[in-house]
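> Sharing a model prediction with you, sequence too.
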Amino acid sequence: MTSSSTPAPDSPRAPESHRPLRKLTARGRGEAHRAATPLELFFDLCFVVAIAQAGIQLVHAVAEGHAGEGILNYAMVFFAIWWAWMNFTWFASAYDNDDVLYRVVTLIQIAGVLVLAAGVSRAFEDHEFLAVWLGYVIMRLALASQWLRAARSSEGPERTMALRYATGVLLCLVGWAGLVVLPEDARPWLFLVMAILEMCVPPYAERGHPTAWHPRHIAERYGLFTIIVLGETVAAATVAMKAGIDENDELSDLLPIAAGGLLIIFAAWWIYFVVPIHAHLRSNRQSFLWGYGHYLVFASAAAIGAGLEVAVEQAVGKAHISTLAASASVTLPTALYLLTVWALHSRHFKVGIAQQLVLPTTALLVICCTFLGEWAVLAAGLVSALAVATGTTLTARAAGREDRQGEVTEPIT
């Protein structure tokens with residue numbers, strides 16, 4: 001991840017820069033019409049394949065009554081996916097020159113995440129992280145080569161920054177090898193240490209020279225990935241619903257889960273995109289907190305889909321857990337999503353205590369819905385939809401009051 005507190009000079013893509021190979025120089029934060037590229041969208045779609053695999057394995061673990069172990073493995077695998085995605089996203093926002101070498105290296109990163117995805121099932125079932133580690137190594141080596149290339153095309157503080165990034169990425173790879181060689185009991189502690197070290201690399205690298213990422217481009221990239229993750233959640237829940245109907249013909253038992261799940265996902269989309277977050281991404285501190293916090297946003301959004309699958313399996317008698325546990329697999333990630341989006345997005349744009357309390361209160365009520373038995377998911381969906389309606393109403397009333405005050409104070413001509 002990268003951050004910047006001062007805009008870099010505008011550096012539009014010049015027409016002569018269509019050579020197959022060219023310098024990997026920084027883009028300008030003042031570029032107009034900066035948008036996600038087809039390569040970035042393809043990158044996102046391929047990464048969601050790995051997220052889907054992690055979600056499937058989380059479903060199996062929770063449905064079999066191994067929720068603690070499943071959540072731990074999910075957190076570890078999801079971190080590898082999210083961190084590699086995020087590092088590429090912020091690098092591309094600052095340095096994407098779209099030449100042949102840049103595209104090839106990006107495609108190598110995509111290959112790495114597909115290798116990682118192929119190893120997710122063994123990581124969950126057999127606690128073997130070799131394929132996951134190998135996929136991560138491929139992705140990170142590719143990123144390090146990009147930073148070395150950026151260093152070669154720059155000088156002074158910018159070159160130092162790029163070399164720090166490359167060095168930090170490579171040194172952390174050495175530490176991650178412990179997932180393959182250390183005993184199983186030591187791996188969670190290794191993961192915690194290495195995750196912290198990984199997240200320390202960007203602040204250290206950019207201490208003397210921030211990179212020139214584009215606020216609107218970054219906000220769009222995160223928004224698009226949120227949409228893709230929510231779409232994967234819809235797809236996973238739909239497949240589970242179809243299987244439940246086909247195999248058990250339990251439509252009446254599944255309808256409350258389907259309706260509630262759909263309301264939760266619709267509310268999740270609405271709440272995330274209701275504010276123009278790019279206006280908030282102005283300083284180093286804001287950008288780091290916002291970007292890092294999306295680990296919880298993406299992980300909880302994907303976990304909602306896994307929870308809906310668990311709820312369906314429990315409703316048709318395929319999951320060996322209680323109704324309370326199945327309900328919690330939906331309500332807890334939903335509450336986490338609501339709280340995280342409030343902390344990262346909404347609270348910066350809400351005016352007054354009433355608006356500020358909408359999402360935290362909703363998260364608490366969603367958790368309370370866990371204890372409503374077979375109606376828990378539907379109740380959580382209705383509460384989420386009510387939160388959207390309440391927030392919209394409060395915002396409209398506040399805007400109306402501002403308009404009326406403006407009319408009263410407007411001078412008479």
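Cool, got the structure.

> For the residue nearest the centre of the chain, what is the enclosing helix or strand?
Residue closest to the average C-alpha location in the chain (CA atoms, centre = their mean): F298, at 3.1 Å. According to DSSP states H and E, F298 maps onto helix 284-315.

> helices or strands up against that helix?
Here helix 284-315 touches helix 38-63, helix 67-95, helix 187-205, helix 215-248, helix 251-272, helix 323-344, going by 3 or more CB pairs under 8 Å, 6 or more residues apart in numbering; DSSP states H and E. (Glycine included, C-beta is placed from N, CA and C.)

> looking at those helices, which is buried most?
helix 323-344 (a mean of 24; mean count of other CB atoms under 10 Å).

> residues of the next helix or strand after it that come out buried?
Counting by DSSP H and E, the next helix or strand C-terminal to helix 323-344 is helix 352-368. For helix 352-368, a neighbour-count test (16 or more other CB atoms under 10 Å) marks 355, 358-360, 362-363, 365-367 as buried.

> re earlier: could you measure from the residue nearest to the centre of the chain over to G291?
According to CB to CB, to the nearest Å, F298 stands 11 Å off from G291.

> same question, A26
18 Å.

> So these two - more neighbours on which side?
Set A26 next to G291 and count neighbours by other CB atoms under 10 Å: G291 wins out with 23 against 20.

> If I look at A123, what pLDDT would I see?
pLDDT for A123: 88.

> Same check on E158?
91.

> Just name whatever secondary elements whichever strand or helix holds it is in contact with.
Under the criterion of DSSP H and E, E158 resides in helix 156-176. The contact analysis (3+ CB pairs under 8 Å, 6+ apart) places helix 156-176 against helix 130-152, helix 187-205.

> what residue ranges in the chain score low on pLDDT?
Segments of the chain classed as low confidence (criterion: pLDDT under 70) are 1-18, 247-250, 278-280, 282-285, 348, 399-413.

> nearest to M139, of the helices and strands packed on helix 284-315?
helix 67-95 (4.4 Å; CB to CB).

> Mind giving me the packing neighbours of that closest one?
Secondary-structure packing of helix 67-95 (3+ CB pairs under 8 Å, 6+ apart): helix 38-63, helix 100-118, helix 120-125, helix 130-152, helix 187-205, helix 215-248, helix 284-315.

> how about the ones you listed, which one is nearest S384?
Per CB to CB, nearest to S384 of the helices and strands packed on helix 67-95: helix 284-315, 10.4 Å.

> Could you pull out the buried residues of that closest one?
284, 287-288, 290-292, 294-315.

> What angle do helix 251-272 and the helix holding F298 make with each other?
Using axes from the mean of the first three to the mean of the last three CA atoms, to 10 degrees, the direction of helix 284-315 lies 170 degrees away from that of helix 251-272.
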